Each structure stands twice: as structure tokens, then as C-alpha cells.
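Undergrad: Structure, please.
(one chain, ligands or ions: 1)
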Amino acid sequence: MDLKAFTNSDSAKIILNSIKAISKKECRLMEFCGGHTMAIFKYGLRQLLPPNITLISGPGCPVCVTSTGDLDMAIALSQRSDVIITSFGDLLRIPSNNGTLLQARSSGADVRTVYSTLAALDIAKQNPHKKVVFIGIGFETTAPTIAAAIKQAADSGVNNFTVLCLCKLTPPVTHAILGSGQINLTGIIAPGHVSAIIGSDAWKFIPDKYRLPTVISGFEETDILYCLELLISQVEKNQAKVESAYTRSVPPQGNKVALDLMGELFESTRADWRGIGILPNSGLKICQKYQDFDTVHVLGLEVSQESKEVPGCICGDIIRGLKTPMECNLFLKGSCTPQNAKGPCMVSSEGTCAAYYQYGTY
Ligand code: SF4
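TA: So this is what the prediction gives:
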């Protein structure tokens, strides 16, 4: 698809002027997706909007919401001489109670960065005498790709490949944030990629239960501005419904192939969210039929029970939208930088602290 229509500055100016013309009320809008956070900072949208509109970043960065307890489990696994750990790069740099996976690698553990689950499966095929573990993090967008790799492993008889499945589901955490009573919001920028899988109808509970306008957005500047225009229009008219500013990718019912694959391979389970805690039915676990590919089952792991934050790091509050990086004593002056990150929100390429740092919003 040609994206020029969505990156056209003339179109962006027209939508921005429309927003300025209709926006009268105070608006506190949360973007739940880390990709949106980065795009909003990259295009400088916060600075362009009228002062009555506040954008707040939420829990939509999968690296950021991975708990220290789950990371400790991964680090413990990496100490086994018969195991090769594979994962996406950002995860290797997140501090846990016992250091980082990158530090484990420096101490001799076999920890490898991969760019896809299938690449981890290839490593398993090339190392038949090792147990290859893929640390699977992500939301509904990533889960189908992990499911596909497990199916491929099963079909091709690979028996040394397992997944430590730490995938999480976005509607339950949205419920948790909105139902907590800790944050006052007037609208939700719903995630684009996740919605392409679960469909726009999956968000109906937000207006139904919380009376909040909800609009799904794409990732270009005009996508986000159009989303904001739709949201602000609902706010001004006292409406609360689900709309999509990303219809080119998001069908109402989602992606049936991906949803069926997830339904075949996974079942919902409790998940430990950094800064939020354990939420029932908010994570994905590999189902019994495919338990030979479940690291927890095959290697007899204890599922983490406890998570502690790195002292001084307020990522938990930032993930819940309660604070900004500017309120963290370690941000910049305390020497938390991408090169020396103290917490996941600075490590991740979709983290709020990294966005503040990279685009100089301080
Ligand atoms: Fe954590 Fe660093 Fe962000 Fe502070 S600036 S909240 S220490 S990641």
C-alpha cells in the first residue's frame, strides 16, 4: 500500500486545524500502544495540539510490561548448560532482580538475539543436542507468529524447541487500568496492530462499561491526527462509541486465521504485568495438545510469583499513566539513558522514557 496519503503534511495541517476548531473541553487521551507513543513523539504531535488536549502513554509496550519475576525465570534458564535462550533484542537488556540476559551472556550463557520465532526454530534445527528456548513476549499481534512456529515445529518433528510463553492480552489490562479508578481519562486511542488481529468490535466494552470514546489509530501522522479528531469530536458531543481511523487494516471481527491459530495453540492464563501485578486471564499459555513445546512443562519451571522493581525506577507508574519520566529521579540526571538503562521503559524502542529521551521532550 502507498502510504503517501497518510504522510502528507498538507492533509495533516487540515486535520490539525479542524481539531483546533472543534476542541473546547479538557481532553485526557491515553494511547495504549507503544508504537503510537513513539509515533506521537516522532511527529511532535504533543506540541502541535491545543493545550486542553493531553496525551498520556499507557501499558502498550510488551517489553516494558514484562515483569522482573518472569525475567528472573528466563535468566535462571540461561544458566543451564544444555539450553540456548533466544529472544528479541530489547528483552535481553531489561534489568531484573538478577541482572540482564545480556549480562548472563557475558558470563558464558548461550543467549542469542533473533528477529522472528522462525529464526529461533532454525537454531533448534541446527543444534539438535541442545534445548532451544524462545522467550515469547508480545500481545495479540505477536502471538499468532509464535503459534505458527510451534505448529511448524510439531509438523516437522523438531523436539528440542520450546517457548517460554509470556504473551499478554490487551483488553484485560485495559479493563484493569480503566477500572482501577487511579486515572481520569476522557478517551482511548486503541492500538492499531492488535486491533488488526482482534477486530474493532473487541473494544466495545470501553464505551459500554466506562463511557469512554474509543478510536483505533494507524501509525502515520495523519492516521493519529484523524484518530484524535474523531475522539475529540465524540468528547465534544458527549458520545462514547468505537470508531476506526485505521479501516485499511482493521476489520470489525479481526483476522479469523490468526484468531483460530491462537485458539488452537493457546489458552488464557494469569499474567504478571510490571507495575500492575497479576491479572487473571490476561496472558497466554500453550495448551495441553502442544505441551511438548511449552518450556514451563518440558523443563519443569516454577512460574514466577513475585516481582520487585529496580530501586528508584518508576516504570510501573509510567506504564499505568500515573507519572511521566520527568518525575523519575533517575531520568537523565540520575544517568538512566538508553546506553545505561535502569528500567524497561528506557530499554525498549517503544518505551515512554526512551521516547522522551530520543525526542527531547523534557
Ligand atoms: Fe525507569 Fe529509567 Fe524510566 Fe526512570 S527513567 S522510570 S529509571 S526507565
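Undergrad: Helix or strand next in line after the longest helix seen in the chain, which one?
TA: The residue-count maximum for a helix in the chain (DSSP state H) belongs to helix 221-236. Per DSSP states H and E, the first helix or strand lying C-terminal to helix 221-236 is strand 242-244.
Undergrad: ok, and what's touching that following strand?
TA: 190, 195, 200-201, 203-204, 206-207, 213-216, 230, 234, 250 (Cβ atoms under 8 Å, 6 or more residues apart in numbering). (C-beta placed from N, C-alpha, C; glycine too.)
Undergrad: Ok, stretch 351-362 next?
TA: 34, 37-38, 40-42, 44, 46, 57, 61, 63-64, 315, 318-319, 324-326, 328, 331-332, 336-338, 343-348.
Undergrad: Now that stretch: buried residues?
TA: Buried residues in stretch 351-362, counted by 16 or more other Cβ atoms under 10 Å: Gly351, Thr352, Cys353, Ala354, Ala355, Tyr356, Tyr357, Tyr359, Thr361.
Undergrad: Stretch 144-152: how far from the chain's middle?
TA: 19 Å (Cα atoms, centre = their mean, to the nearest Å).
Undergrad: Okay, buried residues for it please.
TA: Quick answer for stretch 144-152 (16+ other Cβ under 10 Å): Pro144, Ile146, Ala147, Ala148, Ala149, Ile150.
Undergrad: nearest to the ligand, of these?
TA: Ile146 (26.4 Å; Cβ to the nearest ligand atom).
Undergrad: And that closest one, how close does it get to Leu164?
TA: 10 Å (Cβ to Cβ, to the nearest Å).
Undergrad: Could you tell me which residues touch both of the two?
TA: Phe134, Gly136.
Undergrad: Tell me the confidence at the closest residue to the ligand within the stretch 101-250 of the chain?
TA: Proximity of the stretch 101-250 of the chain to the ligand (Cβ to the nearest ligand atom) peaks at Leu102, 15.9 Å away. With respect to pLDDT, Leu102 scores 93.
Undergrad: now do Gln339
TA: Predicted confidence (pLDDT) for Gln339: 84.
Undergrad: could you pick out which of the buried residues of stretch 144-152 are near the ligand?
TA: Near the ligand, judged by Cβ under 6 Å from any ligand atom, there are no entries from those.
Undergrad: Those residues in strands, which ones?
TA: Applying DSSP state E to the buried residues of stretch 144-152, no entry is found in strands.
Undergrad: And those residues, which is closest to Met73?
TA: Ile146 (17.1 Å; Cβ to Cβ).
Undergrad: Could you list which residues are in contact with the closest one?
TA: Ile146 neighbours (Cβ under 8 Å, 6+ apart): Thr117, Phe134, Gly136, Gly138, Val163, Cys165, Cys167, Leu265.
Undergrad: Dump those to CSV, plus neighbour count.
TA: Formatted as CSV, the contacts of Ile146 follow (neighbours: other Cβ atoms under 10 Å):
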residue, neighbour count
Thr117, 25
Phe134, 31
Gly136, 28
Gly138, 22
Val163, 28
Cys165, 27
Cys167, 25
Leu265, 25
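Undergrad: Which of the residues you listed fall within strands?
TA: Short answer: the contacts of Ile146 in strands (DSSP E) are Phe134, Gly136, Val163, Cys165.
Undergrad: If the third one is in a bridge, with which residues?
TA: Read it as Val163. Phe134, Asp294 (DSSP bridges).
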